[in-house]
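>>> Can you look at this prediction? I've put the sequence above it.
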Amino acid sequence: YDGHGQKVIRSAKDLEEAYALADSADCVLEEFVDFDLEISVIVSGNGKDVTVFPVQENIHRNNILSKTIVPARISDSLTEKAKTMAVRIAEQLNLSGTLCVEMFATADDIIVNEIAPRPHNSGHYSIEACDFSQFDTHILGILGAPLPAIKLYAPAVMLNVLGQHIQQAQEYVSKNSSAHLHMYGKIEAKHNRKMGHVTLFSDVPDEVEEFGKGIDF
């Protein structure tokens, strides 16, 4: 979680820390997966029906989500496959509420990496960018109420705000009238701790620079 409790083994010199971690808790050894980008799909269910959000592209820095781009920059066929896989998982779980399915996208395939049974950091863009947010559909889902089809108003980018980025995010929003800042009300701002996020509409996501990129990650 956020890189905590994990150790990447790139060479023999990393083994000592890996062994220490394995001695302190049960661990899972995972091999590297060759993929082009990470994506995720938010899906909500009411125990009977499901609704699915646009496929999101996620960019991480030091194992922490830094930037989410919607819609993900993948082919239409991979987009449909990702949505189908997420819906299938939700249906098999008889989902009530919101679920995030994280995946790896290759040139011609989708690999499920992780499922998170809750509203998810990568789906926060939906507050402004969709006609219903992942929180709206979560509440509808657990109440067993009908679920709406989700509409994305326009391409959007979400930037995570970590403890060291708060002032930068506030200044950014003050200069960009279309940007929305959400702070989570956490009492203490710690380095690399998620404190909030910024969402803005943009169809040129590469021009939306992440907070602290190349400086303090």
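Structure received. Numbering: from 1, shown residues only.
>>> CA atoms only: put the lengthiest helix in the chain into CSV for me.
Longest helix in the chain, counting residues (DSSP state H): helix 76-92. Taking C-alpha atoms only, helix 76-92 is exported to CSV below (Å, rounded to 0.1, in the frame of the first residue of the first chain):
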residue,chain,number,x,y,z
ASP,A,76,-11.3,0.9,-28.2
SER,A,77,-11.1,-2.9,-28.1
LEU,A,78,-8.9,-2.8,-25.0
THR,A,79,-11.3,-0.3,-23.4
GLU,A,80,-14.3,-2.6,-24.0
LYS,A,81,-12.3,-5.6,-22.7
ALA,A,82,-11.3,-3.7,-19.5
LYS,A,83,-14.9,-2.7,-18.9
THR,A,84,-16.2,-6.2,-19.6
MET,A,85,-13.7,-7.7,-17.1
ALA,A,86,-14.6,-5.2,-14.4
VAL,A,87,-18.3,-5.8,-14.8
ARG,A,88,-17.8,-9.6,-14.8
ILE,A,89,-15.9,-9.4,-11.5
ALA,A,90,-18.6,-7.2,-10.0
GLU,A,91,-21.3,-9.6,-11.1
GLN,A,92,-19.4,-12.6,-9.7
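>>> Tell me the pLDDT of K7.
Here, the pLDDT recorded for K7 equals 88.
>>> Help me confirm that it is found in a strand?
No. Read with DSSP: H, G, I helix; E, B strand; the rest coil, K7 is coil and lies in no strand.
>>> Test my guess that it contacts E17.
Yes. Here K7 reaches E17: they are 5.2 Å apart, a contact under CB atoms under 8 Å. C-betas here are computed from N, CA, C, even on glycine.
>>> Overlap of the contact sets of the two?
In terms of CB atoms under 8 Å, 6 or more residues apart in numbering, K7 and E17 are not both contacted by any residue.
>>> Between the two, which is the more surrounded one?
Higher neighbour count among K7 and E17: K7, with 16 against 12, using other CB atoms under 10 Å.
>>> dump the residue contacts of that one.
If a contact means CB under 8 Å, 6+ apart, then K7 has 14, 17-18, 21 as its contacts.
>>> separation between Q134 and V43?
According to CB to CB, to the nearest Å, Q134 and V43 sit 9 Å apart.
>>> Please read the previous query as pertaining to L159.
Distance, L159 to V43, using CB to CB: 23 Å.
>>> before we move on, what SS does E30 have?
Assignment for E30 (three-state DSSP): coil.
>>> ok now do it, which residues does it touch?
So E30 contacts nothing (CB under 8 Å, 6+ apart).
>>> what do you get for the one 3 residues further on?
Remark: with contacts taken as CB under 8 Å, 6+ apart, V33 is in contact with 104, 111, 113.
>>> Can you give me the buried ones in stretch 192-200?
192, 194-200 (16 or more other CB atoms under 10 Å).
>>> As CSV, these with pLDDT and secondary structure would be great.
Converted to CSV, the buried residues of stretch 192-200 look like this (pLDDT from 0 to 100; DSSP: H, G, I helix; E, B strand; the rest coil):
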residue, pLDDT, secondary structure
N192, 91, coil
K194, 94, strand
M195, 97, strand
G196, 97, strand
H197, 98, strand
V198, 98, strand
T199, 98, strand
L200, 97, strand
